[in-house]
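**Student:** Here is a sequence together with a model predicted from it:
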Amino acid sequence: MSLMKRALVLTSENAGHPFRRTLKPHILNVPKADPVPEITDKGWWRQEDTQLFAISFAAFFTAIYSFIA
């Protein structure tokens with residue numbers, strides 16, 4: 001028996017799924033994405049991760065301290 005060797009990448013637009021072949025070309029056109037906005041440096045305290053860590057630490061400390069006291 002011989003194995004069929006096939007390319008993994010489709011080289012032809014017609015070599016797609018039968019449903020996609022039935023669609024009109026304007027449906028398959030993908031609009032260009034909006035440019036990614038620049039990330040501004042908000043400082044170390046204004047970052048969401050820092051605030052979440054501080055709130056979680058305070059809540060955990062308060063809960064544990066209330067169980068001990």
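**Tutor:** That came in fine, so what should we check first?

**Student:** C-alpha from now on. contacts and neighbour counts both.
**Tutor:** Fine.

**Student:** Name the spans of this protein whose pLDDT lies under the cut-off.
**Tutor:** 1-15, 45, 69 (pLDDT under 70).

**Student:** chain center to the longest helix anywhere in it, what's the gap?
**Tutor:** Among all segments of the chain classified by DSSP state H, the helix with the greatest residue count is helix 48-68. Put simply, helix 48-68 sits 29 Å off its chain's centre (Cα atoms, centre = their mean, to the nearest Å).

**Student:** okay, that helix in PDB with CA atoms only?
**Tutor:** In PDB, the C-alpha atoms belonging to helix 48-68 read as follows (Å, rounded to 0.1, in the frame of the first residue of the first chain):
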ATOM      1  CA  GLU A  48      -4.800  46.900  37.700                       C
ATOM      2  CA  ASP A  49      -2.600  44.000  38.800                       C
ATOM      3  CA  THR A  50      -1.100  45.900  41.600                       C
ATOM      4  CA  GLN A  51      -4.400  47.100  42.900                       C
ATOM      5  CA  LEU A  52      -5.900  43.600  42.700                       C
ATOM      6  CA  PHE A  53      -3.000  42.200  44.600                       C
ATOM      7  CA  ALA A  54      -3.200  44.800  47.300                       C
ATOM      8  CA  ILE A  55      -7.000  44.300  47.800                       C
ATOM      9  CA  SER A  56      -6.700  40.500  47.800                       C
ATOM     10  CA  PHE A  57      -3.800  40.600  50.300                       C
ATOM     11  CA  ALA A  58      -5.800  43.000  52.600                       C
ATOM     12  CA  ALA A  59      -8.900  40.800  52.400                       C
ATOM     13  CA  PHE A  60      -7.000  37.600  53.100                       C
ATOM     14  CA  PHE A  61      -5.100  39.200  56.000                       C
ATOM     15  CA  THR A  62      -8.400  40.600  57.500                       C
ATOM     16  CA  ALA A  63     -10.200  37.200  57.200                       C
ATOM     17  CA  ILE A  64      -7.300  35.200  58.700                       C
ATOM     18  CA  TYR A  65      -6.800  37.800  61.500                       C
ATOM     19  CA  SER A  66     -10.500  37.700  62.300                       C
ATOM     20  CA  PHE A  67     -10.400  33.900  62.700                       C
ATOM     21  CA  ILE A  68      -7.400  34.100  65.000                       C
END
